[in-house]
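Chemist: can you look at this prediction? I've put the sequence above it.
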Amino acid sequence: MNRRITEFLKIPESIRIPYFGGKWYCFLNWLDNKSIIREKLPENALNTEKRDETVTVSLTSFPARIEYVHLAIKSLMLQSYKPDRIVLWLAEEQFPEKVLPAQLLELTKHGLEICWVDDNLYGHKKHYNALIEQKENELVITYDDDIIYSPDSIEKLIKTHKKYPNCVVCNRAQAMSYDKAGNMNNPGRWETISNIGLEVPTYKILPSNGGGCLYPFGAVRKELVDADNIKKTALKADDLWVMFVCAESGTKIIKTCKYHKIFSVVLETQVVQLATDNVACNMYFERFDNLKNAFPTAYNRIVSN
């Protein structure tokens, strides 16, 4: 089945249909996995035409997922709006022999760039060097290594970017929410379906950095992209870090849609999940407080906007 059809058939995130919803998701997820394996890459998987703004797709991976990351990358090479570059950042300490799967290396023939870094910043690797090295006419879009992305993922980001050229744009975001006593809920459980950040840019949404997150040049001040600060505040919560450094930079966030469809994940990749640990162990609260103390200006913007 065509992946555009499966995307159309998906149920929006946060809409719960007991029993049937889970079975339907698993079926469509299985179809997407089968489809991406069968699809053939075109001769030119990346853009070759001149643009006013180039598009660099940036992602990272680690040993537990390296056998499957080629499927996520392949889905990014089969986009309706082709990127100009796709860069995979890997930490040398995690791959000391630099031995990588043949299916991943095969993608270098289609334009994939594999870059090695000294410091393992976990999920931050997908934006750290990309934002530091970003050029004036370059858009950086970050993605995760365990998702089969819909064929129009980049296209949606670009369309919204053209309407809001100075904002960070994301395909998925969560709006801040509070309990009845006025206490902030766990950021991992903020509202996914919301009008906040849909038509009016805001500081008040948590972007899913791995769901497709577009950074125009200057959206994050380069001096804020600091490894030591990342390690002290939110090493394993890159989404929260993005929310705060955008606010600290005075850059608001906008999302592409209200009813985000549930992502199809690459099978066999969900054993290790930082997000699950952050929610279940309440680590988001600790990291939120770390960022609040490190970026008081950003915090004031986030809670008062």
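Modeler: Nice, I can see it.
Chemist: so who does Pro63 touch?
Modeler: Listed by Cβ atoms under 8 Å, 6 or more residues apart in numbering, the contact partners of Pro63 are Gln94, Phe95. The C-beta positions use only the backbone N, C-alpha and C, and glycine is treated the same way.
Chemist: relative to His260, how far out is it?
Modeler: 29 Å (Cβ to Cβ, to the nearest Å).
Chemist: go on, Asp146?
Modeler: 17 Å.
Chemist: name the helix or strand for Val55, please.
Modeler: strand 54-60 (DSSP states H and E).
Chemist: please disregard the earlier target; I meant Ala298.
Modeler: According to DSSP H and E, Ala298 maps onto helix 296-304.
Chemist: what's near enough to touch the residue nearest to Trp241 when sequence neighbours are not counted?
Modeler: Of all residues not flanking Trp241 in the chain, Ala234 sits nearest, at 4.3 Å (Cβ to Cβ, 6 or more residues apart in numbering). Listed by Cβ under 8 Å, 6+ apart, the contact set of Ala234 reads Leu240, Trp241, Phe244, Arg287, Asn290, Leu291.
Chemist: other residues contacting the strand holding Val55?
Modeler: Contacts of strand 54-60 (Cβ under 8 Å, 6+ apart): 47, 69, 72-73, 76, 81-90, 123, 125-127, 130, 134-135, 137-145, 154, 158, 210.
Chemist: report the buried residues of it.
Modeler: For strand 54-60, the neighbour count (16 or more other Cβ atoms under 10 Å) marks Val55, Thr56, Val57, Ser58, Leu59, Thr60 as buried.
Chemist: now do stretch 296-304
Modeler: Buried residues in stretch 296-304 (16+ other Cβ under 10 Å): Ala298, Tyr299, Arg301, Ile302.
Chemist: please look at the first one and Ser304 and confirm they touch.
Modeler: What it means is Ala298. No: Ala298 is beyond contact range of Ser304, at 11.1 Å (criterion: Cβ atoms under 8 Å).
Chemist: contacts for the lengthiest helix in the chain?
Modeler: Counting residues, the longest helix found in the chain (DSSP state H) is helix 20-38. Defining contact as Cβ under 8 Å, 6+ apart, one finds that helix 20-38 is touched by 1-3, 6, 9-11, 15, 17, 71, 74-75, 78, 148, 262, 264-267.
Chemist: which among the residues you listed count as buried?
Modeler: Judged by 16+ other Cβ under 10 Å, buried ones among these: 3, 6, 10-11, 71, 74-75, 78, 148, 262, 264-266.
Chemist: and of those, the nearest to Glu223?
Modeler: Ser75 (33.9 Å; Cβ to Cβ).
Chemist: quick check, the closest one in a helix?
Modeler: Yes: under DSSP: H, G, I helix; E, B strand; the rest coil, Ser75 sits within a helix.
Chemist: hmm, Asp145 and it touching each other?
Modeler: No: at 11.1 Å, Ser75 does not count as touching Asp145 under the criterion of Cβ under 8 Å.
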